[in-house]
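*Asks:* Sequence isn't available, so here's the structure alone:
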């Protein structure tokens with residue numbers, strides 16, 4: 001129940017408040033770039049003022065292998081061909097004011113796809129032993145295949161590279177992208193429904209690395225509300241997409 005495509009979240013039971021509506025923060029940290037067969041540490045962190053018990057579940061969307069490194073606090077499960085990491089009973093850290101973190105190892109698949117998406121849901125619970133009074137959060141994180149590791153940084157035919165930081169972002173997002181070949185490039189920002197809310201690049205671009213600063217604004221330079229958005233880079237016949245989470249003042253995303 002991570003919020004990945006085809007899945008719900010634990011909000012179906014812990015439904016006292018709207019999804020992602022609290023004052024908390026829920027993040028996934030991992031490698032921006034990965035090499036096939038290499039192992040990396042993935043860390044999930046959650047905090048929420050006033051809450052005192054915690055939970056999470058994360059899946060790499062069938063890509064690569066997860067391994068528990070802290071069996072006292074994390075465990076593996078599987079369902080529908082997907083692997084999951086989640087907390088144990090001790091890993092709920094009862095009575096802790098937070099923030100709390102869980103870590104595990106992830107080994108990139110061989111051969112590797114251009115991108116691996118991690119989806120997670122987190123529970124910031126009040127510890128009353130019931131499903132009421134808990135805040136549920138979701139997060140997404142994309143790790144991209146390192147083009148330099150496979151092909152050389154800008155060799156023809158190499159995968160596109162696209163990174164955004166910080167992520168989650170409380171304000172502006174610095175977006176870096178790399179093109180293996182010169183040509184027309186388009187960089188759009190889409191909302192969760194797939195609607196284009198901002199077009200950042202629509203022009204000829206040289207091969208190599210490019211960088212720009214997105215203010216988090218949409219059409220008419222109006223600030224977009226907090227939530228999960230997707231930066232989509234299109235060049236030639238290839239398209240590459242990465243999620244970015246905008247945080248806004250006043251609680252939640």
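*Replies:* Yes, it's here. What you see is a predicted model, and the numbers here were worked out from it, not measured in a lab. Residues are numbered from 1 along each chain as shown.
*Asks:* OK, contacts around the residue nearest to residue 42 when sequence neighbours are not counted?
*Replies:* Take residue 42 and drop its neighbours on the chain: the residue closest to it by Cβ to Cβ, 6 or more residues apart in numbering is residue 30, 4.4 Å away. For glycine as for every other residue, the C-beta is placed from the backbone atoms N, C-alpha and C. Going by Cβ atoms under 8 Å, 6 or more residues apart in numbering, residue 30 touches 40-43, 106, 118, 141, 143.
*Asks:* out of those residues, which are buried?
*Replies:* 40, 42, 106, 118, 141, 143 (16 or more other Cβ atoms under 10 Å).
*Asks:* Closest one of these to residue 236?
*Replies:* residue 143 (22.8 Å; Cβ to Cβ).
*Asks:* Is it correct that the closest one is in contact with residue 115?
*Replies:* Yes - counting by Cβ atoms under 8 Å, residue 115 is a contact partner of residue 143 at 7.0 Å.
*Asks:* could you pull out the helices for the stretch 51-200 of the chain?
*Replies:* Ranges of helices in the stretch 51-200 of the chain, per DSSP state H, counting those that start in this stretch, are 147-150.
*Asks:* Show the low-confidence segments of it, by residue range.
*Replies:* 147-168 (pLDDT under 70).
*Asks:* What distance do you get for residue 120 to residue 9?
*Replies:* 10 Å (Cβ to Cβ, to the nearest Å).
*Asks:* With neighbour numbers in mind, choose between these two.
*Replies:* Taking neighbours as other Cβ atoms under 10 Å, residue 120 and residue 9 compare with residue 120 leading, 28 against 22.
*Asks:* who does residue 217 bridge with?
*Replies:* residue 223 (DSSP bridges).
*Asks:* Surely it and residue 198 touch.
*Replies:* Yes - between residue 217 and residue 198 there is a contact under Cβ under 8 Å: 6.8 Å.
*Asks:* shared neighbours of the two, anything?
*Replies:* residue 224.
*Asks:* Compare these two (neighbour count), which wins?
*Replies:* residue 198 (19 against 14).
*Asks:* residues in contact with the more buried one?
*Replies:* Shown in contact with residue 198 (Cβ under 8 Å, 6+ apart): 188-189, 214, 217-219, 224.
*Asks:* hang on, the earlier thing: now the contacts of residue 30 in TSV, with distance to residue 52?
*Replies:* Below are the contacts of residue 30 laid out as TSV (distance: Cβ to Cβ, whole Å):
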residue	distance to residue 52
40	31
41	26
42	25
43	21
106	29
118	26
141	26
143	32
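*Asks:* Tell me the one of those nearest residue 90?
*Replies:* residue 43 (17.8 Å).
*Asks:* ok now do the closest one, which residues does it touch?
*Replies:* Contacts of residue 43 (Cβ under 8 Å, 6+ apart): 28-30, 101-103.
*Asks:* swap in residue 228?
*Replies:* 138, 140, 192, 243-245, 253.
*Asks:* and it, what are its bridge partners?
*Replies:* Taking DSSP bridges, one obtains residue 245 as the residues bridged to residue 228.
*Asks:* For residue 108, grab the count of nearby residues.
*Replies:* The burial count for residue 108: 23, using other Cβ under 10 Å.
*Asks:* sorry, back to before: what does the residue nearest to residue 42 show for phi and psi?
*Replies:* With angles defined as degrees, to the nearest 10, residue 30 sits at phi -170, psi -170.
*Asks:* got a pLDDT number for it?
*Replies:* Residue 30 is assigned 90 on the pLDDT scale.
*Asks:* And it, how close does it get to residue 218?
*Replies:* Distance of residue 30 to residue 218, given as Cβ to Cβ: 28 Å.
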